[in-house]
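> Predicted model and sequence follow; I will ask about them next.
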Amino acid sequence: MIDKYSSEDAIILRPGTKIFLKRILSYNLDMSKILEEPKFSFLKSDEKKGRYVAIEGIDGSGKTTIAEKVCNLLMQGGKRCILVREPWTLEIKKLLENNPKIDPVVEAFLFATDRMILNYNVISNALKEDTYVISDRCYLSSLVYQYIRGAEESIIFALNSLIIKPDAIFLLDVSVETGLKRLMEKKKRELTHLEGFEFLKKVKERYLEISNTLKDQKIFKIDGEAKPEEISEAIFNKIIAL
Ligand SMILES: Nc1ncnc2c1ncn2[C@@H]1O[C@H](COP(=O)(O)OP(=O)(O)OP(=O)(O)O)[C@@H](O)[C@H]1O
Ligand SMILES: Cc1cn([C@H]2C[C@H](O)[C@@H](COP(=O)(O)O)O2)c(=O)[nH]c1=O
């Protein structure tokens, strides 16, 4: 049955794609086996010159504000720095916005695909050029939001197994009340149910839980209630020591 999508018909996107598709077919479409293979990488370890850092936290925790300030501090210190944010790809953002009731696994797929596009088009190139990449959100968001929505943790890990992992993640820890207050001031409108107290409480709890269990990922919990200048200075000092 699978043969009607024969690998021979595959469009060769770049060298290796056809072989990759053949492997998918020979595995009977068992993606987990493909994703477990460590051979593919967006960036070889000897090519990496820059540092990739992500800012995470509940909605309204100050991610965008702090990412910008940290990038400015790095540039003032003579470093090259770019700011990116997830979700990144306009088409995927629109797809997500237009399908609020999407299945959480499909949603996790879309966020992972978006992340791969960002990795391939932007992050890998910047890291080859000795540039700091400061990202507003990363794969940790999927382990929080898509998990809360019902996707299994192991599936989210599998979908994100090919991506470049940040050298460090800074988790801005604020109370749910602070997140909501800042969101209301920023958006100047009624908040949706996905920005309500109960939802943000679950998001905060999950951030703290997953941060404590991810042992092979450097995660720094930062007091997000402090002044933006103090937070960005503290993060800057940690980044230059990476
Ligand atoms: N440390 C801080 N102290 C006080 N206000 C802050 C602080 N950080 C950010 N703010 C303010 O809170 C609001 C939300 O900040 P910001 O947009 O950076 O948060 P965010 O986490 O990126 O939000 P979202 O999840 O909606 O993208 C903004 O109005 C910003 O000026
Ligand atoms: C990367 C990523 C994001 N999300 C969600 C979390 C937020 O609700 C929006 C992003 O908007 P913001 O302005 O940065 O708050 O997308 C998600 O559910 N899963 C992800 O992997």
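Received it, and whenever you're ready, just let me know what you need. Numbering: from 1, shown residues only. Ligands and ions are numbered 1, 2, ... in the order given.

> Per-residue pLDDT of the residue nearest to the spatial centre of the chain, please?
In the chain, the centroid-proximal residue (Cα atoms, centre = their mean) is residue 138; its distance is 1.7 Å. With respect to pLDDT, residue 138 scores 98.

> Excluding sequence neighbours, find me the nearest residue to it.
If the residues on either side of it in the chain are set aside, residue 138 comes closest to residue 54, at 3.6 Å by Cβ to Cβ, 6 or more residues apart in numbering. Every residue, glycine included, has its C-beta placed from N, CA and C.

> ok but the one you found is inside a strand, no?
Yes: secondary structure of residue 54 (DSSP: H, G, I helix; E, B strand; the rest coil): part of a strand.

> How about stretch 219-231 and ligand 1, any contact?
Yes: using Cβ under 6 Å from any ligand atom, stretch 219-231 comes into contact with ligand 1 via 227-228, 231.

> distance of the residue nearest to the centre of the chain from residue 77?
To residue 77, residue 138 is 23 Å away according to Cβ to Cβ, to the nearest Å.

> quick one: the helices in this structure?
Ranges of helices in the chain, per DSSP state H, are 17-26, 31-36, 63-76, 90-98, 104-118, 124-128, 139-149, 153-159, 176-187, 197-213, 228-240.

> Quickly compare those helices and say which is most buried.
Per-stretch averages of neighbours, counted by mean count of other Cβ atoms under 10 Å, single out helix 139-149 among those, with a mean of 22.

> domains of this structure?
Domain segmentation of the chain under automatic domain parsing yields 2-35, 45-241.

> Now tell me which of these the model trusts least on average.
Of all the domains of the chain, the minimum mean pLDDT falls on domain 2-35 (a mean of 45).

> and the residue lying closest to residue 69 once chain neighbours are set aside, what does it touch?
Leaving aside its chain neighbours, residue 69 sits nearest to residue 232 (3.6 Å; criterion: Cβ to Cβ, 6+ apart). The neighbours of residue 232, taking Cβ atoms under 8 Å, 6 or more residues apart in numbering as the test, are 66, 69-70, 73.

> and of those, the nearest to residue 192?
residue 66 (23.6 Å; Cβ to Cβ).

> Pretty sure that closest one sits against residue 172.
Yes: with contacts counted by Cβ atoms under 8 Å, residue 66 reaches residue 172, the gap being 6.5 Å.

> So the residue nearest to residue 69 versus residue 136, what's the distance?
The value you get for residue 232 to residue 136, if Cβ to Cβ is used, is 13 Å.
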